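Visitor: sequence plus predicted model, see below.
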Amino acid sequence: MVKREEGVLLQSIVLDREGTHGLSVQICVGLRELILGGALKVGERLPATRTLAQEFGVARTTIVESFERLAAEGLVETRVGAGTYVSRALASERPAPAVAAVAVPTAKVRLAQAMDSASKLFGARLPHQPRAFTTAMPAFDAFPMAQWAKLSGRHWRKPRHQVLGYPDPHGEAALRQAIAAHLRLNRGIACEWQQIFIVAGAQQAFQLLAATLINPGDKVWFENPGAIGARNSLILSGAEIVPVPVDESGLVVEAGLRRAPDFKLAFVTPAHQQPLGAKMSLERRLALLEAAQASSAWIIEDDWDGEFCFQGAPMATLTSIDLTGRVIYVGTFSKTLFPSLRLGFLVAPRQLAEQIGICRDACSPGVPTALQGIVADFIVEGHFATHVRRMRKLYQERHQMLIDAAATHLAGDLDIVPTHTGMHTIAYLRDGLDAVALTQAAAGRGITVAPISRFGLEPVERDGLVLGFSGFTPAQIQAGVLGLRLAIDDLGAR
């Protein structure tokens with residue numbers, strides 16, 4: 001049986017045992033300052049007199065005397081059999097704490113050169129409020145919480161040394177094996193489980209790969225427009241980001257070769273381009289692999305939402321047709337399960353796996369063991385496959401709901417581009433509508449959208465809006481479309 005909580009720690013009260021004031025007075029003054037300053041909240045339970053006496057190294061009567069002084073001042077109240085609490089009368093009578101003066105810096109903070117240079121180039125990450133039309137938002141309302149809770153309980157009942165100790169920096173074998181089997185069956189990637197490394201989300205994978213592969217000044221092909229978070233990680237490594245345009249067939253390899261034939265790394269989202277939604281054609285995939293081989297370059301394949309191909313067969317991953325071992329596959333459970341899980345993985349080519357393992361051993365404490373075990377069981381027992389199938393169907397329905405509602409209320413102003421994969425789509429605007437202005441007007445109506453131009457390092461050929469649909473019910477999508485209608489009308493009224 002767990003003992004009753006013993007109250008807060010009060011080690012900020014320092015006693016001067018040779019001072020002119022008695023110990024009970026010093027303790028009383030210390031507690032009074034904490035109560036009046038708001039550090040001890042109204043109704044909060046103080047430690048027991050016996051506990052405080054032991055922690056302060058004083059007689060229990062000294063603590064009792066201090067409490068009696070505070071009670072006489074109305075600052076604490078004693079409840080028989082329950083302990084001593086900060087008086088509830090202070091809820092209305094406690095004076096407002098003094099506002100601390102804000103220190104004005106006298107000199108600019110000196111950053112590491114890499115951070116100082118990179119911070120000027122970082123792109124702002126997208127907001128993640130759970131409201132239409134935030135991107136990359138899974139359907140929380142359809143997540144199998146009961147099944148997840150059951151698996152969680154099972155793992156947290158395991159021996160404590162298994163769930164509370166330091167995890168394997170490479171990842172737990174059970175999860176790596178489960179992912180390897182899933183990738184072989186569902187994504188066409190034949191790999192050994194030892195090539196898989198578990199990371200705290202795809203973003204950590206990008207940081208790890210940048211630290212492992214990139215020297216300052218190395219040229220990196222990056223889709224324009226492209227994924228902001230991954231781009232920030234590569235910028236921080238000191239890479240020279242080379243924006244490469246994207247069309248309906250994906251990254252334009254010829255443009256990349258014209259701009260930087262000696263590139264060291266290429267970053268692509270071939271299954272569902274972020275943000276334009278294009279699928280990279282087989283011709284482009286083969287051309288990219290040929291260019292990487294010729295330049296001895298690496299390719300990061302970010303398959304961030306490729307699991308959700310809800311119409312037709314998904315195209316083979318770039319990794320599955322790579323015969324030269326130049327592609328590093330990165331996946332995430334933030335989209336297929338939920339973002340706060342902070343769990344992702346990368347598949348390293350055989351010739352790179354040893355070095356990735358060395359880096360993980362040297363720098364990473366690993367990902368919580370219990371979470372890995374829960375996800376492993378979720379995959380092995382078939383719940384993951386069932387969940388993905390459900391989400392494919394659900395996202396197709398929500399995508400169609402967005403198309404239908406926009407056709408009714410936004411026709412002529414927004415031209416929504418249908419998609420067959422993923423969690424968002426884009427909408428182009430009629431002439432005269434500004435994407436940035438509409439984004440701001442929509443925010444005023446409680447709607448989250450993002451201009452396509454936000455994802456670009458260079459101006460995009462045609463601006464528009466990025467609209468997430470996966471995480472919202474039909475009613476929320478309908479309300480969001482109506483909110484966009486009002487936002488457009490607001491701009492017209494101006």
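Guide: Received, thanks.

Visitor: so where's the longest helix in the protein?
Guide: In the chain, assigned by DSSP state H, the helix with the most residues is helix 383-409.

Visitor: what is the helix or strand just after it packed up against?
Guide: For helix 383-409, the following helix or strand on the C-terminal side (DSSP states H and E) is strand 414-416. The contact analysis (3 or more Cβ pairs under 8 Å, 6 or more residues apart in numbering; DSSP states H and E) places strand 414-416 against helix 383-409, strand 424-429. All C-beta spots, glycine's among them, are computed from the backbone N, C-alpha and C.

Visitor: so how far is Ala406 from the nearest residue in space to Ala174 that is not next to it in sequence?
Guide: Closest residue to Ala174 apart from its sequence neighbours, by Cβ to Cβ, 6 or more residues apart in numbering: Ala376 at 4.2 Å. Ala376 sits at a distance of 40 Å from Ala406 (criterion: Cβ to Cβ, to the nearest Å).

Visitor: neighbours of the nearest residue to Arg360 once chain neighbours are set aside, just the number please.
Guide: Here the nearest residue to Arg360 in space, its sequence neighbours aside, is Pro169; by Cβ to Cβ, 6+ apart that works out to 4.2 Å. Residues lying near Pro169 (other Cβ atoms under 10 Å) number 18.

Visitor: how close does Pro169 get to Leu46?
Guide: Distance from Pro169 to Leu46, by Cβ to Cβ: 43 Å.

Visitor: read off the pLDDT value for Arg326.
Guide: For Arg326, the pLDDT comes out at 97.

Visitor: with Leu111 instead?
Guide: Listed pLDDT for Leu111 reads 70.

Visitor: who are the contact partners of it?
Guide: When contacts are counted by Cβ atoms under 8 Å, 6 or more residues apart in numbering, Leu111 touches Ser119.

Visitor: pLDDT below threshold where in this protein?
Guide: Applying pLDDT under 70 to the chain flags residues 1-5, 92-108, 113, 116-118, 120-121, 123-127, 494.

Visitor: for Phe143, what are phi and psi?
Guide: Backbone torsions for Phe143, taken as degrees, to the nearest 10, come to phi -80, psi 140.

Visitor: isn't it right up against Thr336?
Guide: No. Counting by Cβ atoms under 8 Å, Phe143 stays clear of Thr336, with 10.5 Å between them.

Visitor: who has more neighbours out of those two?
Guide: Each of Phe143 and Thr336 has its neighbours counted (other Cβ under 10 Å); Thr336 has more, 20 against 15.

Visitor: which residues touch that one?
Guide: Contacts of Thr336 were listed using Cβ under 8 Å, 6+ apart, and they are 138, 307, 384, 387-388, 391.

Visitor: look up how far Ser470 lies from it.
Guide: In this view, Thr336 and Ser470 are 11 Å apart by Cβ to Cβ.

Visitor: need the residues touching each of the two.
Guide: By Cβ under 8 Å, 6+ apart, the residues touching both Thr336 and Ser470 are 138, 391.

Visitor: what are the buried residues along the helix or strand hosting Ala174?
Guide: For Ala174, the host element (DSSP H and E) is helix 173-182. Within helix 173-182, the residues that qualify as buried by neighbour count (16 or more other Cβ atoms under 10 Å) are 174-180, 182.

Visitor: now do it: which elements does it pack against?
Guide: Using 3+ Cβ pairs under 8 Å, 6+ apart: helix 173-182 touches strand 196-199, helix 369-380.

Visitor: break the chain into its domains for me.
Guide: Domains of the chain are assigned by automatic domain parsing as 23-93, 139-385, 386-493.

Visitor: out of these, the one nearest Phe122 is which?
Guide: domain 139-385 (5.0 Å; Cβ to Cβ).

Visitor: okay, now the closest one: how far is its last residue from its first?
Guide: 16 Å (Cα to Cα, to the nearest Å).

Visitor: send me stretch 109-116 as PDB with only the CA atoms.
Guide: Output of stretch 109-116 as PDB, limited to C-alpha atoms (Å, rounded to 0.1, in the frame of the first residue of the first chain):
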ATOM      1  CA  VAL A 109      24.000  36.900 -26.400                       C
ATOM      2  CA  ARG A 110      26.900  35.100 -28.100                       C
ATOM      3  CA  LEU A 111      25.800  31.900 -29.800                       C
ATOM      4  CA  ALA A 112      27.800  29.200 -31.300                       C
ATOM      5  CA  GLN A 113      28.700  30.200 -34.900                       C
ATOM      6  CA  ALA A 114      26.600  27.400 -36.300                       C
ATOM      7  CA  MET A 115      23.500  28.400 -34.400                       C
ATOM      8  CA  ASP A 116      24.000  32.100 -35.000                       C
END
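
Visitor: need the three-state assignment for Tyr329.
Guide: Judged by DSSP: H, G, I helix; E, B strand; the rest coil, the three-state class of Tyr329 is strand.

Visitor: distance check, it against Gly277.
Guide: 20 Å.

Visitor: so if I had to pick from those two, which one is more boxed in?
Guide: Taking other Cβ under 10 Å, Tyr329 and Gly277 do not tie; Tyr329 has more neighbours (26 against 20).

Visitor: thought that one was touching Ile189?
Guide: Yes. The criterion here is Cβ under 8 Å, and Tyr329 meets it with Ile189 at 6.3 Å.

Visitor: who touches both of those two?
Guide: By Cβ under 8 Å, 6+ apart, the residues touching both Tyr329 and Ile189 are 183, 317, 319, 347.

Visitor: would you list the residues you listed in CSV and tack on distance to Ile477, secondary structure and neighbour count?
Guide: Formatted as CSV, those follow (distance: Cβ to Cβ, whole Å; DSSP: H, G, I helix; E, B strand; the rest coil; neighbours: other Cβ atoms under 10 Å):
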residue, distance to Ile477, secondary structure, neighbour count
Leu183, 32, helix, 23
Thr317, 30, coil, 23
Thr319, 34, helix, 24
Val347, 35, strand, 29
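
Visitor: which among the residues you listed gets closest to Glu240?
Guide: Thr319 (25.3 Å).

Visitor: my read is that the closest one contacts Arg184, right?
Guide: No. Using Cβ under 8 Å, Thr319 makes no contact with Arg184, being 11.4 Å away.

Visitor: still on that earlier bit, dump the residue contacts of the residue nearest to Arg360.
Guide: Listed by Cβ under 8 Å, 6+ apart, the contact partners of Pro169 are 360-361, 364-366.

Visitor: from Ile189, how far off is Leu183?
Guide: Look at Leu183 and Ile189: by Cβ to Cβ, they are 4 Å apart.

Visitor: most tightly packed of the helices and strands packed on strand 414-416?
Guide: Highest mean neighbour count among these (mean count of other Cβ atoms under 10 Å): strand 424-429, with a mean of 22.

Visitor: next structured bit after it?
Guide: Downstream of strand 424-429, the first helix or strand assigned by DSSP H and E is helix 435-444.

Visitor: neighbours of Leu185, how many?
Guide: Applying other Cβ under 10 Å, we find 10 residues neighbouring Leu185.

Visitor: so what's the backbone phi/psi at it?
Guide: According to degrees, to the nearest 10, Leu185 has phi -80, psi -40.

Visitor: do you know how far it is from Ile321?
Guide: 17 Å.

Visitor: picking up where we left off before, ok, so of the contacts of Thr336, who is nearest Glu55?
Guide: Nearest member of the contacts of Thr336 to Glu55, counting by Cβ to Cβ, is Pro138, at 46.1 Å.

Visitor: does that closest one count as helix, strand or coil?
Guide: Following three-state DSSP, the label given to Pro138 is coil.

Visitor: burial check on it, number of neighbours?
Guide: Neighbour number of Pro138 under other Cβ under 10 Å is 22.
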